[in-house]
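Q: just a sequence and a predicted model for now, questions to come.
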There are 2 protein chains.
Amino acid sequence: MADRYLLISTDTHAGLPPEKYREYLDPQYRAAFDESLANDVTSAQLINQDEHQRFLAEWNAQIGGHGGMTGSWDPVVRTKELDGEGVAAEVVFPDADAAGVGGVSGSPFGSGLGSSGDSDPELVMAGAWAHNRWLAEFCQHDPERRYGVAIVPALHDVQAAVRLVEWAANHGIRGGVMIPARWGSYPAYNDRVYDPLWSVCAEAGMVVHTHSGVGPTDYTWSPGLISIYATESYWWGARPFWALLLGGVFERHPTLRYAIAENGAWWVPDILDRMDSKWEGDHPTRKFGPSAFRDGMTMMPSEYYRRNVWLASSVMGEIEVERRHRIGVDRLMWGHDYPHPEGTWPNTRAWLRERFGAVPEDEARRILGLNAAELYGFDLARLAPVVERIGPTPQEIHGPAAAEASA
Amino acid sequence: MADRYLLISTDTHAGLPPEKYREYLDPQYRAAFDESLANDVTSAQLINQDEHQRFLAEWNAQIGGHGGMTGSWDPVVRTKELDGEGVAAEVVFPDADAAGVGGVSGSPFGSGLGSSGDSDPELVMAGAWAHNRWLAEFCQHDPERRYGVAIVPALHDVQAAVRLVEWAANHGIRGGVMIPARWGSYPAYNDRVYDPLWSVCAEAGMVVHTHSGVGPTDYTWSPGLISIYATESYWWGARPFWALLLGGVFERHPTLRYAIAENGAWWVPDILDRMDSKWEGDHPTRKFGPSAFRDGMTMMPSEYYRRNVWLASSVMGEIEVERRHRIGVDRLMWGHDYPHPEGTWPNTRAWLRERFGAVPEDEARRILGLNAAELYGFDLARLAPVVERIGPTPQEIHGPAAAEASA
């Protein structure tokens, strides 16, 4: 059974029910915290209520037998759920929707996936500390399988962000850090003001992440808002990629590693081609001159990409699987987005057969686990017994029975 | 010679040397205008000066024999240049860079391609009126070949925008209107506040355009700025597309026609697939419910696209030609971006052979002229003598000599 698949989910979510974060907050923020809980507008309030209730009923029926959402914060339930899906290890982001889908998202003061340059600087930092303290404890229940990602509100005070990275690295947080995907009125990530942050992340081996989630704020509440948000969301998660790359950050910090989480990867090849052709000086660049497009970069954009950037593309679509060679089989990492309903839990095994059944085994192994093992430094020897116990066999994913089983 | 190609360039630029707009401005704005001319920061000042001077020397040597940039405002020179390239008709946007490449862009108070929600409401409207007055005169020199696009700063005062559209329609401006690609803090185009504007455009048969050019304002002046801008620029030109479509504007205004100018089209198929799959209720949409994704829309996004939307993709790349069937051969329109240096002037004939030589003639005829003729209502009978005199022959574009000629 040595050939079972090592599955590493590079996109999961964990977090306490919102009110339980109270004790992890510095005391001076608890009054503001109580107030924020009372006044939070949830996304569930903004959609059709009949449809939402129907969805919740279906969803809860599906996951009820799996302990519901309690695996969001209960390490024993969580490990059981991961085992059931054949997932040996995970990279854990905040905001599990632990209060119920569409409820308060979790990490205090919107410091999780919703954190941006629009967040209150002091509160979002307090919220990040609270979640990170809890996360460090939580990951200790199963430290070889559970690599947490610390929340680092990087925008408002770079030195404070550096201290948070140092704290996380020293407290067993091994999944790296997540910085806000939108900077609002703060400097974008091409600005040199962030260099101390990239330095400490590179030195500590902390992978820097952006995660999709923060949408545009320049649409009014008017027809089509949610579909516009959903159409655009990948873009906001992707912008830091070229801000970092074209800003020369990977030139100045050659060992820095950056991963874009739950944000698709279908868009990557076209954008890379676009960046490369400008770097090479295509016709429309002439009037600006070559310096403008090689500003502090000695390599082509796609070369930095292949050295410094990964796509934690989570529940990838057929389109990512089709384009995997253009994206780079060594860049793509799978995730199952546990416990979010847009993920594949609790049907991951069937989904794997459907999406990866026809992918050659060596490529599927890279995307489903080996790339993540290398990037995050999971200990394969320590994970081996877990894989042997729960990992899907090649037969399960690719075998002739696969078509029948998933039919 | 009845089989010569009808070439309609759906992306050209015209405008006076900046200071000459003075007389077209309402008198109360002339003092502010003088001041703005004196204080304008040109894009040429922001790039490497040695490289810029080298570029200018090459460019001016290339176009000197063609009357330089004077065709930007001189109708006789302009017609001669169009004739030389085989272009029978054109759709004319503002900002010809008439002051010299990288100089002041032209249309007063930044009311041209740079107009956005960040513009001064009163001044940008005054500038639009000045340019439109001049444009109406300018197009009268060759009214069957020259369809001007009126500038309509639509954001600050929708009723004022409606009046401007009515004026333009009544003054021989037949290319339609251009609205700002970025709305800043004003309502986005999904908002019902703009419905009177869409109504008047639909009724008057004025095609609504957005044109690329306005970049993001949330990057600091730091490494990589120009390459980040160039990488992202298509996105800002494209956003109004899904704001309109997903906001149900084409449902409420079924005869409204919208064209996206000089903004590529390579990105269209993926975004359409994405919108369609959400409309159909793919897995990640479940928690929001179907209503959120069909908000006021009875058809699939791609159906509105095929009815209401065109791509005036100007100097299209190989990628657009390769993807033309996914984009829609009946949606794509060529342009040569005269007199901008990122266009193909004065080498358009050679470029046509290179890019369209291998495209079947019926498809090339649609993209190079027939789609535009239908959309804008050019009078083919009146253009026929021009085509007969200057249009490229199929042999010139597709013939066996083409490879040699372009080699």
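A: Structure's in. What do you need? Residues are numbered from 1 along each chain as shown, chains lettered A, B, ... in the order given.
Q: for A:H13, which non-adjacent residue is closest in space?
A: Among residues not flanking A:H13 along the chain, A:A96 sits closest, at 4.1 Å (C-beta to C-beta, 6 or more residues apart in numbering or on different chains). Quick note: C-beta positions are derived from backbone N, CA and C, even for glycine.
Q: now do the contacts for A:W198.
A: A:V208, A:V249, A:R252, A:H253, A:L256 (C-beta atoms under 8 Å, 6 or more residues apart in numbering or on different chains).
Q: so the residue nearest to A:H13 belongs to a strand, correct?
A: No. Read with DSSP: H, G, I helix; E, B strand; the rest coil, A:A96 is coil and lies in no strand.
Q: so who does it touch?
A: A:H13, A:A14, A:G15, A:M69, A:S72, A:W73, A:G106, A:P339, A:H340.
Q: go again with 10 Å.
A: A:12-17, A:69, A:71-73, A:78, A:105-107, A:112, A:338-340 (C-beta atoms under 10 Å, 6 or more residues apart in numbering or on different chains).
Q: in the stretch 301-407 of chain A, which spans are helices?
A: A:301-308, A:318-322, A:324-327, A:348-356, A:361-365, A:371-376, A:380-390, A:394-398, A:401-406 (DSSP state H, counting those that start in this stretch).
Q: now the stretch 1-150 of chain A
A: So, for the stretch 1-150 of chain A - with DSSP H, counting those that start in this stretch - the helices run A:30-39, A:49-64, A:75-85, A:121-139.
Q: check what pLDDT the residue of chain A positioned farthest from its centre gets.
A: In chain A, counting by C-alpha atoms, centre = their mean, A:K287 sits farthest out from the average C-alpha position, at 38.7 Å. Note on A:K287: pLDDT of 84.
Q: that one and B:W242, how far apart?
A: According to C-beta to C-beta, to the nearest Å, A:K287 and B:W242 sit 30 Å apart.
Q: please apply the same query to A:P240.
A: Taken as C-beta to C-beta, the span from A:P240 to B:W242 is 22 Å.
Q: and A:N170, what does it touch?
A: Contacts of A:N170 (C-beta under 10 Å, 6+ apart): A:A136, A:A204.
Q: ok so, going back, which of the helices of the stretch 301-407 of chain A sits closest to A:Y234?
A: helix A:318-322 (11.6 Å; C-beta to C-beta).
Q: who's the most centrally placed residue in chain A bridged to?
A: By C-alpha atoms, centre = their mean, the mean C-alpha position of chain A lies nearest to A:A261, the distance being 3.2 Å. For A:A261, the beta-bridge partners under DSSP bridges are A:H211, A:A312.
Q: residue contacts, it?
A: With C-beta under 10 Å, 6+ apart, A:A261 has these contacts: A:10-11, A:91, A:93, A:113, A:149, A:178, A:181, A:207, A:209-213, A:237, A:310-314, A:333, A:335, A:337.
Q: now do A:P180
A: Per C-beta under 10 Å, 6+ apart, neighbours of A:P180: A:111, A:113-119, A:124, A:151-156, A:186, A:189, A:210-211, A:213-214, A:240.
Q: now do 7 Å
A: Neighbouring residues of A:P180 by C-beta atoms under 7 Å, 6 or more residues apart in numbering or on different chains: A:S115, A:S116, A:G117, A:P153, A:A154, A:L155.
Q: surely A:G184 and A:G117 touch.
A: Yes. At 2.4 Å, A:G184 and A:G117 qualify as touching, with contact defined as C-beta atoms under 7 Å.
Q: neighbour count winner among the two?
A: A:G117 (21 against 14; other C-beta atoms under 10 Å in any protein chain shown).
Q: for chain B, see how far away the more buried one is.
A: To chain B, A:G117 is 8 Å away according to C-beta to the nearest C-beta, to the nearest Å.
Q: out of the helices of the stretch 1-150 of chain A, which one sits most buried?
A: helix A:121-139 (a mean of 22; mean count of other C-beta atoms under 10 Å in any protein chain shown).
Q: A:I397: how many residues sit nearby?
A: 24.
Q: cool, and A:E320?
A: 22.
Q: leaving out chain neighbours, which residue sits closest to it?
A: A:A265 is the one closest to A:E320 (C-beta to C-beta, 6+ apart), at 4.9 Å.
Q: quick one: pLDDT of the one you found?
A: 98.
Q: ok, now A:L56?
A: At A:L56, pLDDT is 86.
Q: ok, A:S291 next?
A: 87.
Q: likewise A:S406?
A: A:S406 is given a pLDDT of 47.
Q: if we can go back for a sec, what's the local residue count around the residue nearest to A:E320?
A: Neighbours of A:A265 using other C-beta under 10 Å come to 27.
Q: pretty sure it contacts A:W334?
A: No. A:A265 is beyond contact range of A:W334, at 10.8 Å (criterion: C-beta under 7 Å).
Q: name the residues contacting each of these two.
A: A:M316.
Q: quick one, which of the contacts of A:A96 are buried?
A: A:12-17, A:69, A:71-73, A:78, A:105-107, A:112, A:338-340 (16 or more other C-beta atoms under 10 Å in any protein chain shown).
Q: can you report how many residues neighbour A:Y29?
A: With other C-beta under 10 Å as criterion, A:Y29 counts 20.
Q: can you pull the contacts of it?
A: A:L123, A:A126.
Q: need the per-residue pLDDT for it.
A: 98.
Q: A helix includes A:L155, no?
A: No. Judged by three-state DSSP, A:L155 forms no part of a helix; its state is coil.
Q: any idea how far A:D97 is from it?
A: A:L155 is 25 Å from A:D97, by C-beta to C-beta.
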